[in-house]
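[1] structure for this input, please:
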Amino acid sequence: MALELHSWPRSSGTRISWALEELGLPYKYVEVDAKKKENLASRHLALNPHGKVPALVDGEQHFFESLAILIHLAHKYGIEKKLWPSAGGQDRADALCWTVWSMTELGPYMMQYLYHGMDTPVSYKPEDRSKATAAYNKAQFERILDALEARLGDREYLVGTFSLVDLAAASWLMLGTMFGLPLERWPRTAAWLKRCSERPALKRAR
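    Residues are numbered from 1 along each chain as shown. Purely as a prediction, here's the structure:
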């Protein structure tokens with residue numbers, strides 16, 4: 001059975017379609033229409049009980065949450081495709097840690113800073129923003145970028161060559177820079193992000 005990705009455009013499902021394109025896996029893209037509340041229909045809730053996207057069907061298994069989906073794809077398909085390290089070494093440990101870090105640290109702190117500390121299409125109304133929240137998340141986000149810059153000090157990608165690890169982190173920063181987050185203080189990170197953004201598979205992703 002072919003893979004099915006249930007998603008909608010400009011969502012976290014895009015990083016999954018990017019991963020599937022990088023892996024060269026045939027898949028069916030099932031677009032969920034939120035305006036018609038298809039995400040709340042019983043058939044979609046059976047795949048993602050939270051009524052969100054993405055959801056992935058892989059044979060008899062189905063997954064929700066982009067982090068869980070990425071790890072599943074990495075372990076099942078990524079090793080053979082040279083997009084995820086084999087088990088048993090530090091590269092595998094690093095891959096897992098940096099991927100989880102992307103979803104639990106980089107993404108959340110960046111988004112809270114965008115919501116409270118900048119003027120973007122996703123930001124809260126000025127009267128609803130918190131200066132304290134903006135300052136805290138800005139400081140945490142800059143700490144995160146410092147760590148990323150250090151990691152890229154002697155390598156072009158987070159774990160050896162380009163892998164799903166880079167995809168996890170870059171997908172967040174592409175969104176941030178699209179909304180105006182500057183990376184001038186982190187030149188290695190900016191160069192790495194440019195390399196990731198030029199991947200042909202990303203251009204094919206939906």
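[2] what's the first-to-last distance across stretch 151-168?
    Its first and final residues considered, stretch 151-168 spans 15 Å by C-alpha to C-alpha, to the nearest Å.
[3] now that stretch: mean pLDDT?
    Mean pLDDT, stretch 151-168: 97.
[4] just stretch 81-90 next, same as before
    Averaging pLDDT residue by residue across stretch 81-90 gives 96.
[5] do the same with stretch 52-64
    97.
[6] please save the CA atoms from that stretch in CSV.
    Taking C-alpha atoms only, stretch 52-64 is exported to CSV below (Å, rounded to 0.1, in the frame of the first residue of the first chain):
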residue,chain,number,x,y,z
LYS,A,52,-4.9,18.7,13.0
VAL,A,53,-2.4,17.9,10.2
PRO,A,54,-0.3,16.1,9.2
ALA,A,55,-1.3,12.5,9.4
LEU,A,56,0.6,9.7,7.7
VAL,A,57,-0.7,6.3,6.7
ASP,A,58,1.9,3.7,6.1
GLY,A,59,0.4,0.3,5.4
GLU,A,60,-1.5,-0.8,8.5
GLN,A,61,0.0,2.0,10.7
HIS,A,62,-1.0,5.6,10.9
PHE,A,63,0.8,8.5,12.7
PHE,A,64,0.2,12.0,13.7
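[7] could you pull out the buried residues of that stretch?
    For stretch 52-64, the neighbour count (16 or more other C-beta atoms under 10 Å) marks K52, V53, P54, A55, L56, V57, D58, F63, F64 as buried. Placement of C-beta: from N, CA and C, glycine included.
[8] helix/strand/coil for the residue lying farthest from the centre of the chain?
    Within the chain, the residue lying farthest from the chain centre (C-alpha atoms, centre = their mean) is E127, at 29.7 Å. At E127 the chain is in helix, as set by DSSP: H, G, I helix; E, B strand; the rest coil.
[9] where does it land on pLDDT?
    At E127, pLDDT is 98.
[10] show me the protein divided up by domain.
    Structural domains annotated on the chain: 3-78, 90-204, as defined by automatic domain parsing.
[11] so what's the gap between the last one and the chain middle?
    If I follow you right, that is domain 90-204. Computed by C-alpha atoms, centre = their mean, to the nearest Å, the separation of domain 90-204 from the middle of its chain amounts to 9 Å.
[12] surely L47 and H62 touch.
    Yes - using C-beta atoms under 8 Å, L47 is in contact with H62, at 5.0 Å.
[13] who touches both of those two?
    Applying C-beta atoms under 8 Å, 6 or more residues apart in numbering, one finds that L47 and H62 are jointly contacted by A55.
[14] if we can go back for a sec, could I get the domains of the chain as a markdown table with distance to W84?
    Putting these into a markdown table (distance: least, C-beta to C-beta, whole Å) gives the following:
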| stretch | distance to W84 |
| --- | --- |
| domain 3-78 | 3 |
| domain 90-204 | 6 |
